[in-house]
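[1] Turn this into a model:
(2 chains)
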Protein chains: 2
Amino acid sequence: MARVGVIGIGHGRFGRRSDATVQELAFEAFRIAMADAGISRDELDASVVAAVPEYHKQRSVAGVVQEYLNLNPKPTWLTEVACASGSAAIRTAYMAIKSGLHDVVAVIGCQKMTELETAEILALMGRVGDVQWESVFGTTFPGYYAMFANRHMHIYGTTHEHLLQVAVKNHHYGAMNPNALFQKEITLEKALASDPVASPFCVYDCCANADGAACLILASEERAKALCDQPVWLDGAGCATASMSVLKRPDLTGLSSAQEAAQQAYEQAGVTPRDIKVAEVHDCFTIAEIMAYEDLGFCEKGHGGPFIEEKRSYIGGQTAVNVDGGLKAKGHPIGATGVSMAYEIVSQLRGRCGQRQVPDADVGLTHNVGGIGQYTFVHVFRRE
Amino acid sequence: MARVGVIGIGHGRFGRRSDATVQELAFEAFRIAMADAGISRDELDASVVAAVPEYHKQRSVAGVVQEYLNLNPKPTWLTEVACASGSAAIRTAYMAIKSGLHDVVAVIGCQKMTELETAEILALMGRVGDVQWESVFGTTFPGYYAMFANRHMHIYGTTHEHLLQVAVKNHHYGAMNPNALFQKEITLEKALASDPVASPFCVYDCCANADGAACLILASEERAKALCDQPVWLDGAGCATASMSVLKRPDLTGLSSAQEAAQQAYEQAGVTPRDIKVAEVHDCFTIAEIMAYEDLGFCEKGHGGPFIEEKRSYIGGQTAVNVDGGLKAKGHPIGATGVSMAYEIVSQLRGRCGQRQVPDADVGLTHNVGGIGQYTFVHVFRRE
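    Sure, this is the predicted structure:
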């Protein structure tokens, strides 16, 4: 079956963007992606927008973005699966092209997170977990992931130092990414001394909310070859789900949705974990990256702590992970994150990441988790 | 290219459903659709959920529905384009199947609207219009559509009696629909005497918020033929957009997105407006149905008033419209509405609507509008 290629990518600065509305953020990324693809609006058939509208004053986000980007009357619609919304939009556009309905589709992930007060955001985020049985009793997102961390530490001997080594790595690379929210290195000592959030987590275990947008232009194989010298192919699109409530999970030390989605994507793309040279994984909390190493098969179950300790997820190690800073240092505008991950992987496969470039990057993946793992999307990208 | 068929349909009661959570509403419709399709969960590949989560206490709606329906680890994700979310989910599932990624997909439209206070809902709905330039100045949904009505009345001589004749028809048929919120007839006199809302609208010009859910099971042509004696085919899927702000619209008497989406769907299905025996159109306000007659080509521009006056949208007329009661009498659980429309059209094409059956119904369509026309989806269904 015909492939789907990425022919353009764009990314804006992540951070507290009180200078821009959500549609202005979207335009920032879209403009760059369209210039990168070298196409005009006439050559675009449709767009798919990713956002979690409840954090915005403006709702009907797909409509306001479509209008501001001057794309009417082309089709658009929005996908929402919490923090994995961006990957759901990529999956939707991928299907739109593979179905033959459209040839060239823009995927726009865009999110305002700083229009609401932090307490309001915390309450809204809690409702992404199971409201009836969990969040009403006070479970917050840091609380959920702290449970996963405690369990991982208990069973596998993972330490808080292991967790914070993830943060040190991601800040190390974030310092080299001009689009990142935090562009500064941190030390393990500084991280360990930061304020507690939810045991064992302290501040540096947690990613930060940010405003931001990213954009991809996807095209059918035929159009991609005609329009682009160096398309990057989306060869595997895995998606799987798991229970909302941790109560129902037999294992808290990994995400079954991620394991299943990875297997789907590897099979579709015909690759194994060892083929992945560079990966963007969903490090909303430090433990999440360690779980991702294991769920994606980069290391054996329980060996995630040593994997970061031995710097096997650094450039030059086995698989470079989150070398754009990850959610931790780059920031996490939830609707944009999945698209931002794909932006980084495509940049890496094109060899355009400068001092953050992973040598010989030919196959990469994104691992984007919604909620507390009730959805995971894994996308495998490959250059020719 | 291979077709996509509807092999199962399900629908719950619309209304103030304080007896059920959103996932329970979803299950009600899903259970019926699965029994109708005669398949087990094992035969289902994925689901697409439609809802507007901001009206719910529970967010991450796709996840909570997927878990409650016992569909983990199958893929799911949610589409949201305001009141057209249900049709966006159908379009997504249609593409998922046509792309070859999945063979059998459940589409679940589900919505709670009564968990919030009316004033809160009104404020949220206003934000579906342009926040920056319009809703902040007090424009509400009835206000937007009242502008359309006034303009239509001014240019084409449409009267308030014409508008309310739509409500009389839809209540007439709603009285025969056991799933409808309002199952009672009204008279034109009673409607005219109802309280004012936004001039020219009075209460009976406006549809009512409701909780509810509906479900479709879609399948590839091959699977549909194997699983189902009488599949109904989704042969045209049109989608188009228009500006968010009425300020930018050259014409307020019709929706350009609806005209464009209809043209796409007609072309794909190879039909003309005269082939449509039965239609479900988006009568959020009475004027919207009159505009839909014109936008869909059932009558000439400006002739929508006489079209209802002459009962050409009744059963036995030219094209039967909203003979399930429409949004007006059936209720409008916004995430479910597009799926509910498709439920009715499939039921009609199967000939199973009892006293509301449209004779010789072989081709039907749904016309589902998001916001104030910033999105319209038109789907053409056909029986063999």
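
[2] which residues touch A:Ala93?
    A:46, A:48, A:105-107, A:216, A:218 (C-beta atoms under 8 Å, 6 or more residues apart in numbering or on different chains). Just so you know, the C-beta spots here come from the backbone N, C-alpha and C atoms, and that holds for glycine as well.

[3] Could I get the pLDDT score of the closest residue to chain B within the stretch 251-384 of chain A?
    As assessed by C-beta to the nearest C-beta, chain B sits closest to A:Gln374 within the stretch 251-384 of chain A, at 3.5 Å. If you check A:Gln374, the pLDDT there is 94.

[4] Pretty sure it sits against B:Ser60.
    Yes. Shown here, A:Gln374 and B:Ser60 form a contact pair, counting by C-beta atoms under 8 Å, at 6.4 Å.

[5] Could I get the full set of helices for chain A?
    A:22-37, A:61-68, A:85-98, A:118-126, A:141-156, A:160-174, A:188-192, A:221-227, A:256-269, A:286-295, A:304-309, A:326-330, A:337-350 (DSSP state H).

[6] what's the angle between the third one and helix B:61-68?
    Inter-element angle recorded for helix A:85-98 and helix B:61-68: 80 degrees (by axes from the mean of the first three to the mean of the last three C-alpha atoms, to 10 degrees).

[7] which of the contacts of A:Ala93 are close to chain B?
    A:Ala46 (C-beta under 8 Å from any C-beta of the partner chain).

[8] Now for the residue of the stretch 251-384 of chain A closest to chain B, how many residues are close by?
    29 (other C-beta atoms under 10 Å in any protein chain shown).

[9] Next, it: phi, psi?
    phi -70, psi -20 (degrees, to the nearest 10).

[10] which residues touch it?
    A:82, A:241-244, A:257, B:60, B:63, B:66-67.

[11] How about the contacts made by the residue lying closest to it once chain neighbours are set aside?
    Distance criterion C-beta to C-beta, 6 or more residues apart in numbering or on different chains; nearest residue to A:Gln374, sequence neighbours excluded, is B:Gly63 at 3.5 Å. Shown in contact with B:Gly63 (C-beta under 8 Å, 6+ apart): A:81-82, A:241, A:244, A:370-371, A:374-375, B:76.

[12] Enumerate every residue touching the residue of the stretch 101-250 of chain A found nearest chain B.
    Nearest residue of the stretch 101-250 of chain A to chain B: A:Cys239, at 3.7 Å (C-beta to the nearest C-beta). By C-beta under 8 Å, 6+ apart, the contact list for A:Cys239 reads A:87-88, A:91, A:261, A:264, A:375-378, B:46, B:75-77.

[13] cool, and A:Glu189?
    Taking C-beta under 8 Å, 6+ apart as the definition, A:Glu189 has no contacts.

[14] Distance of it relative to B:Val64?
    According to C-beta to C-beta, to the nearest Å, A:Glu189 stands 42 Å off from B:Val64.

[15] tell me the pLDDT at A:Gly63?
    Value for A:Gly63, per-residue pLDDT: 93.

[16] With A:Ala82 as the reference, measure out to it.
    For A:Gly63, the distance to A:Ala82 - C-beta to C-beta - is 21 Å.

[17] Pretty sure A:Ser199 sits against A:Met147.
    No. With contact defined as C-beta under 8 Å, A:Ser199 does not count as touching A:Met147 (10.1 Å).

[18] Which of those two has more residues huddled nearby?
    Neighbours per residue (other C-beta under 10 Å) separate A:Ser199 from A:Met147, with A:Met147 holding more: 17 against 12.

[19] Pop the domain breakdown of chain A in here.
    A:4-116+A:209-227, A:233-383 (automatic domain parsing).

[20] List just the one of those domains that sits closest to B:Val52.
    domain A:4-116+A:209-227 (8.3 Å; C-beta to C-beta).

[21] count of neighbours near the closest residue to A:Pro231 other than its chain neighbours?
    Distances taken as C-beta to C-beta, 6+ apart place A:Gly5 nearest to A:Pro231, at 3.4 Å, with adjacent residues excluded. Other residues lying near A:Gly5 total 26 when counted by other C-beta under 10 Å.

[22] What of the one 10 residues further on?
    The local packing of A:Gly15 (other C-beta under 10 Å) involves 20 other residues.

[23] partners of it in the sheet?
    A:Asp211 (DSSP bridges).

[24] you'd agree it is up against A:Asn209?
    No. If you go by C-beta under 8 Å, A:Gly15 and A:Asn209 don't touch, sitting 10.1 Å apart.
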